[in-house]
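K.L.:
show me the folded form of this:
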Amino acid sequence: ELDGEGLTIGFIRPPAGLFDSLGAAQAGALALAAEDIAAGGGVLGGPLTVVEGQPEPARGAELVFDDLVDDGVNLIVGPSSSDEARLIIPKIAAADALVCGASTTAPGLPELPEAEGRFVRTSFDDNVVALHAFDRIRERTASIVSRPPKVTLVVRGDAYGDGISSSLAGLLNLVGTEVAVDRYVPEDVLAEGLGERVAALGGDIVVIISLEEGPRISRLMQEAGVDPTTMIGLDGLATTRFGAKAGIENPIALDGLTVIGATGPIDFLTRLIDQDESREEVLYGAQAYDCAIAMALAVEAAGSTDADAVGGALREVTADGTICTSYATCADLLRSGADIDYDGPSGAVELTEEGEPGDGRFITGKLVGGTYDIVADLRIALEEIRDRVAPRLAGFIGDVQVALTQLGYYDGPINGVESDEFRAAVAAF
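P.N.:
The predicted model follows:
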């Protein structure tokens with residue numbers, strides 16, 4: 001019986017509307033974490049309790065954060081977006097809190113000076129996703145030697161889509177690939193004309209950078225004549241309910257479409273879906289689960305919920321010890337005095353001093369008969385990827401800063417560094 005102190009963590013749920021499914025996936029994953037912690041003997045002798053708060057138009061994520069802290073909750077999973085994280089990060093240290101982002105993907109967030117080491121994340125940043133996609137595209141277009149390969153990016157028009165597409169386009173341009181971008185408005189549920197526009201571009205590869213609307217976007221393109229075997233979908237298409245979400249009557253209509261996702265292994269996704277038969281989204285569920293499990297293990301290791309102690313222990317329990325893959329096993333090892341290295345469904349985690357995941361995994365699937373066949377489960381050393389991507393993107397961003405300055409859209413420093421001012425200039429252009 002769990003009758004000890006236990007642990008309460010907060011969850012800043014995504015706002016209602018377009019991100020409902022994303023919120024349901026993360027909430028479901030946190031419920032699985034609580035279930036596994038209870039089965040593993042609890043944390044500090046008691047259960048894991050998750051307290052939710054949801055932003056509203058008149059009550060943003062930063063106010064939800066304040067409310068959770070005022071209620072005595074200092075360990076928090078969330079928020080859903082990078083823009084919300086930027087509002088919360090300056091508050092974390094003063095609130096004596098620790099925040100773990102499961103779906104905040106903008107580059108550099110944990111390294112912001114205001115974070116003071118109290119913001120960590122289990123999600124990959126956009127540059128990591130872009131470079132992994134770049135490598136897969138290069139493999140797929142290697143046989144095209146008589147002309148430059150043509151790649152079309154179909155991009156969700158928000159910070160998530162723009163972040164990945166700008167990085168990916170920059171990398172592709174550096175190797176001479178012809179890149180065309182079709183940027184759609186996510187609120188436009190009909191997306192009229194999108195399929196025809198993409199078909200007219202004639203890309204050798206069509207990359208779909210989307211969230212839950214991704215399967216439907218792929219169907220619109222297929223109906224307009226785009227060959228599914230040329231399509232590569234990123235995380236937003238990694239769902240076990242692809243056919244239902246795409247709205248296709250013929251289950252094999254999109255066979256051959258490839259999906260690259262940092263979604264966790266199929267057994268975890270199946271468990272998440274089985275928990276709620278109505279769930280259609282699994283995106284960032286594995287990352288939310290790993291935030292909660294890693295926090296609980298850090299609390300168990302520190303013997304305290306103090307944010308500073310938990311922050312230091314988080315880095316210790318996810319790296320350089322005996323590898324363990326379940327809360328029960330990891331907790332038993334901790335209680336026996338062992339150093340542990342928790343590996344979860346999102347990957348090996350291995351949180352760095354900066355608060356970034358140092359290791360991760362990408363699942364590659366292909367639609368066959370209307371369902372996914374997993375063709376690769378790759379463990380990725382993220383430090384190597386970051387070392388590769390940084391100098392390339394710095395050169396590309398610097399070139400764009402020069403061009404936007406000449407066109408009158410940008411008056412900031414020409415330094416090859418992304419900033420809010422630079423992103424605003426790109427969006428305005």
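
K.L.:
for the protein, identify the residue most remote from the centre.
P.N.:
Of all residues in the chain, Ser146 has its C-alpha farthest from the mean position, at 36.3 Å, by C-alpha atoms, centre = their mean.

K.L.:
shaky segments in the stretch 1-150 of the chain?
P.N.:
Along the stretch 1-150 of the chain, the parts satisfying pLDDT under 70 run over 1, 18-19.

K.L.:
quick one, strands of it?
P.N.:
7-12, 48-53, 75-77, 98-101, 119-121, 150-156 (DSSP state E, counting those that start in this stretch).

K.L.:
can you check the stretch 301-429 of the chain too?
P.N.:
Using DSSP E, counting those that start in this stretch, the strands of the stretch 301-429 of the chain run over 322-324, 340-342, 349-351, 357-368, 371-381.

K.L.:
next, the buried residues of the second one.
P.N.:
For strand 340-342, a neighbour-count test (16 or more other C-beta atoms under 10 Å) marks 340-342 as buried. Every C-beta, even on glycine, is put in place using the N, C-alpha and C of the backbone.

K.L.:
of these, closest to Ala24?
P.N.:
Within the buried residues of strand 340-342, the smallest distance to Ala24 is 25.0 Å, found for Tyr342 (C-beta to C-beta).

K.L.:
I figured that closest one hits Met295, correct?
P.N.:
No: Tyr342 is not in contact with Met295 according to C-beta atoms under 8 Å; the separation is 10.7 Å.

K.L.:
follow-up on the earlier one: pick out the shakiest of the strands of the stretch 301-429 of the chain, pLDDT-wise.
P.N.:
Note on these: strand 371-381 shows the lowest mean pLDDT, a mean of 81.

K.L.:
so what strands line up beside that one?
P.N.:
Using DSSP bridges, strand 371-381 pairs in its sheet with strand 357-368 (antiparallel).

K.L.:
just to check, Asp96 is in contact with Val310?
P.N.:
No: counting by C-beta under 8 Å, Asp96 does not reach Val310; the two are 10.9 Å apart.

K.L.:
of these two, who's got more company?
P.N.:
Val310 (26 against 12; other C-beta atoms under 10 Å).

K.L.:
can you list the buried residues of strand 340-342 in JSON lines and add distance to Arg219?
P.N.:
Formatted as JSON lines, those follow (distance: C-beta to C-beta, whole Å):
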{"residue": "Ile340", "distance to Arg219": "45"}
{"residue": "Asp341", "distance to Arg219": "42"}
{"residue": "Tyr342", "distance to Arg219": "39"}
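
K.L.:
out of the residues you listed, who's nearest Glu187?
P.N.:
Nearest to Glu187 among those, with distances taken as C-beta to C-beta, is Tyr342, at 38.7 Å.

K.L.:
pairing partners for the closest one in the sheet, please.
P.N.:
Judged by DSSP bridges, the bridge partners of Tyr342 are Cys324.

K.L.:
quick one on the thing from earlier: as TSV, the strands of the stretch 1-150 of the chain with mean neighbour count and distance to Arg361 would be great.
P.N.:
Supplementary listing: the strands of the stretch 1-150 of the chain in TSV, determined by neighbours: other C-beta atoms under 10 Å; distance: least, C-beta to C-beta, whole Å:
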stretch	mean neighbour count	distance to Arg361
strand 7-12	25	23
strand 48-53	18	24
strand 75-77	27	20
strand 98-101	28	18
strand 119-121	25	15
strand 150-156	25	23
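
K.L.:
reformat those strands as JSON lines; add distance to Ala191.
P.N.:
Formatted as JSON lines, those follow (distance: least, C-beta to C-beta, whole Å):
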{"stretch": "strand 7-12", "distance to Ala191": "29"}
{"stretch": "strand 48-53", "distance to Ala191": "31"}
{"stretch": "strand 75-77", "distance to Ala191": "32"}
{"stretch": "strand 98-101", "distance to Ala191": "29"}
{"stretch": "strand 119-121", "distance to Ala191": "30"}
{"stretch": "strand 150-156", "distance to Ala191": "10"}
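
K.L.:
nearest to Glu249 among those would be which one?
P.N.:
For Glu249, the closest of those is strand 150-156, at 22.4 Å, according to C-beta to C-beta.

K.L.:
can you mark which positions in the next helix or strand after that closest one are buried?
P.N.:
Going down the chain from strand 150-156, the next helix or strand is helix 159-174, by DSSP states H and E. By neighbour count on 16+ other C-beta under 10 Å, the buried set for helix 159-174 is 159-172.

K.L.:
and stretch 54-74, by the same measure?
P.N.:
54-55, 60-62, 64-66, 68-69, 73-74.

K.L.:
what's the closest of these to Ala253?
P.N.:
Comparing the buried residues of stretch 54-74 against Ala253 with C-beta to C-beta picks out Gln54 as the nearest, at 36.3 Å.

K.L.:
OK, contacts around that closest one?
P.N.:
Residues in contact with Gln54 (C-beta atoms under 8 Å, 6 or more residues apart in numbering) are 12-16, 23, 64.

K.L.:
repeat that with 6 Å
P.N.:
Residues near Gln54 by C-beta atoms under 6 Å, 6 or more residues apart in numbering: Arg13.

K.L.:
which phi and psi values does it adopt?
P.N.:
With angles defined as degrees, to the nearest 10, Gln54 sits at phi -130, psi 130.

K.L.:
against Phe242, how distant is it?
P.N.:
27 Å (C-beta to C-beta, to the nearest Å).

K.L.:
just confirm Asn74 contacts Asp306, I think it does.
P.N.:
No: counting by C-beta atoms under 6 Å, Asp306 is not a contact partner of Asn74; they are 8.2 Å apart.

K.L.:
circling back to that earlier point, which of the buried residues of stretch 54-74 sits closest to Asp276?
P.N.:
Asp276 lies nearest to Gln54 out of those, by C-beta to C-beta, at 17.9 Å.

K.L.:
what separation do you get for the closest one and Val282?
P.N.:
Gln54 is 20 Å from Val282, by C-beta to C-beta.

K.L.:
could I get the buried residue list for stretch 287-304?
P.N.:
Buried positions in stretch 287-304, judged by neighbour count with 16+ other C-beta under 10 Å: 287-302.

K.L.:
brain fart, stretch 209-228
P.N.:
209-222, 226, 228.

K.L.:
what's next to that stretch, contact-wise?
P.N.:
21, 155-156, 161, 164-165, 191, 194-196, 198-199, 206, 208, 231, 233-234, 236-237, 242, 245-248, 254, 256-257, 281.

K.L.:
how long is it from one end to the other?
P.N.:
End-to-end span of stretch 209-228 (C-alpha to C-alpha, to the nearest Å): 15 Å.

K.L.:
before we move on, the earlier item: so how far is Asp204 from the residue farthest from the centre of the chain?
P.N.:
Taken as C-beta to C-beta, the span from Ser146 to Asp204 is 12 Å.
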